[in-house]
Structures are given as structure tokens and as C-alpha cells.
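Colleague: just a sequence and a predicted model for now, questions to come.
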Amino acid sequence: MSLVPAQPVPPAPFLVSIGNVHATQFHVVTPSGSWPIADVNVSTTDQTVVTTHTPAWAVVMVVLFIWFFFLSLLFLLAREVRVSGYVQVVIQAGGQSYVEQVPISSSSQRADVFNRVTYPQSLIGRARYSAS
């Protein structure tokens, strides 16, 4: 009778990634460590700024059509929305914490980061419910 060596268990795949933070079904993995998903708290802080500007093309159109005074002023109603800043994601577990700052350049990118954070929060809730 011979013993067959046990096959190594492959690691669980990452279900979601938020910058350098990755979540599997059982663990949250960061550059500073890995924790069981039921022991983790995930929170976010929105540090983005939304500004509106008159685009350069609108100013050029006003200058070009200055002889049609009222028509050219309509170009000044054009607005451009700019989003800049970052979303801060904080992972806390067992007295330790890891902070990830995800740069944001559009409103759809900001919504994507918040949706990505919601998924690990649902995994955490599911893990805590099944543990109790």
C-alpha cells in the first residue's frame, strides 16, 4: 500500500477587485494581509468634486457670431460637467485597517466603485448570517 500525496487546494478566485483590495467568497485580500470575510468591515468616503464649466468651443462660437448678438449668447448656456478626486475604501479587521484611494475622473467611474464596494458588503453579510 502506497500513500498518494494530497493535491494542493487551488486558491479561491477573486470575485471583485477594488484597486488593490480583492474579495473571494471566504477572504478579503489586501497588500497588508488577508482576513476571513466575516471578520471584515468595509466602508467608503466620497472625496470627489463635481464642477461645471463653460466649454472653450462655446466661447469661440460667441466670438465668431458676435454680430448675431442674441444668438451668440445662447452658446454661453452650454455647460460641461467635470468630476475629479477619489473614493476612499477602508477595510477594517481585528484592530487593523487598510485604506485604498481609488482615483475618479467621471461619474460613471464613481458609480462603478460604489457598486464594487456593495458586493463585498453583501458577501460579508451572507458570511455573518451563515456563521450565526
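Modeller: Right, received. Where do you want to start?
Colleague: run a quick neighbour tally on residue 93.
Modeller: By other Cβ atoms under 10 Å, 19 other residues sit near residue 93. Glycine gets a C-beta too; all of them are placed from N, C-alpha and C.
Colleague: partners of it in the sheet?
Modeller: Beta bridges link residue 93 to residue 96, judged by DSSP bridges.
Colleague: touching, residue 76 and residue 60? I think so.
Modeller: No - here residue 76 lies out of contact with residue 60, judged by Cβ atoms under 8 Å, at a distance of 11.6 Å.
Colleague: look up how far residue 83 lies from residue 13.
Modeller: The spacing between residue 13 and residue 83, counted by Cβ to Cβ, to the nearest Å, is 31 Å.
Colleague: how about the strands in this protein?
Modeller: Per DSSP state E, the chain carries strands over the ranges 16-18, 21-23, 27-30, 33-36, 41-53, 80-93, 96-104.
Colleague: with that, I have no additional questions.
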